[in-house]
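1. Could you work out the structure for the sequence below:
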Amino acid sequence: MPDFCSVVGCSNGRNAQTKQQGITFHRFPKDKVKRRAWTVALRRRDFEPHARSVVCSCHFKPEDFDMTGQTTRLREGAIPSFPNNISKVPSRPTPRSSRTSQKAAAECPDVPVQLSEDLQKSNLDHQYALDPIKVKKKLTEAQEKVEELQRDLRNAKDRERRNKKTVKSLQEDLKHKNMLTKELQQKLDFHSGICL
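-> Prediction:
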């Protein structure tokens, strides 16, 4: 079963055609912190990479690659990136000396990968880098609003307590003066929730 790139909108799969184009595939790091950084960089909701999840070389910067050996490897700390929503197959910094390497380099065209319009719009809609000054200001405003609402709630509860006390004292005055009938007492109890 071929491996396909995990990036949304990218249809590159590990096959002879992509190999001829010089596209390489890189598994997610096993280190939890690095793996999480890659997952966040992909901007896919609820995506959890599995053991065979890969990202193709089209989604890395040319400087992310170590091409000193026969195998194209990622440098330590490389994270998938999407500059201007278009990436290309990395170009080799120095020409290779072997015939096989030269042939592969000659057949390796720059392949642009255009992301779908939906993905481009979502990249503009979702800002993952927050401005700490703005965030702190919003947090302070929210805290002040919470404190204000808590004060209002305390004041409302105090007013309610005072009003209940006033109604209770009025009821007792009416009862002592024998001006309170049973019918009136029942209506007052029903509407005020106070039982004497």
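
2. pull the helix or strand with minimum mean pLDDT from the protein.
-> In the chain, no helix or strand scores lower on mean pLDDT, DSSP states H and E than strand 86-87, which sits at a mean of 40.

3. Just the C-alphas of stretch 33-40, formatted as CSV.
-> Extracted C-alpha coordinates of stretch 33-40, given in CSV (Å, rounded to 0.1, in the frame of the first residue of the first chain):
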residue,chain,number,x,y,z
VAL,A,33,7.3,17.3,21.0
LYS,A,34,8.6,17.2,17.4
ARG,A,35,5.7,15.1,16.3
ARG,A,36,3.2,17.6,17.9
ALA,A,37,5.0,20.5,16.1
TRP,A,38,4.6,18.7,12.8
THR,A,39,0.9,18.0,13.5
VAL,A,40,0.3,21.7,14.4
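
4. tell me which strands and helices the longest helix anywhere in the chain is in contact with?
-> Counting by DSSP state H, the longest helix found in the chain is helix 132-176. Packing contacts for helix 132-176, counted by 3 or more C-beta pairs under 8 Å, 6 or more residues apart in numbering; DSSP states H and E, involve helix 182-192. For the C-beta atoms, the positions are set from N, CA and C on the backbone; glycine is no exception.

5. separation between residue 187 and residue 181?
-> 10 Å (C-beta to C-beta, to the nearest Å).
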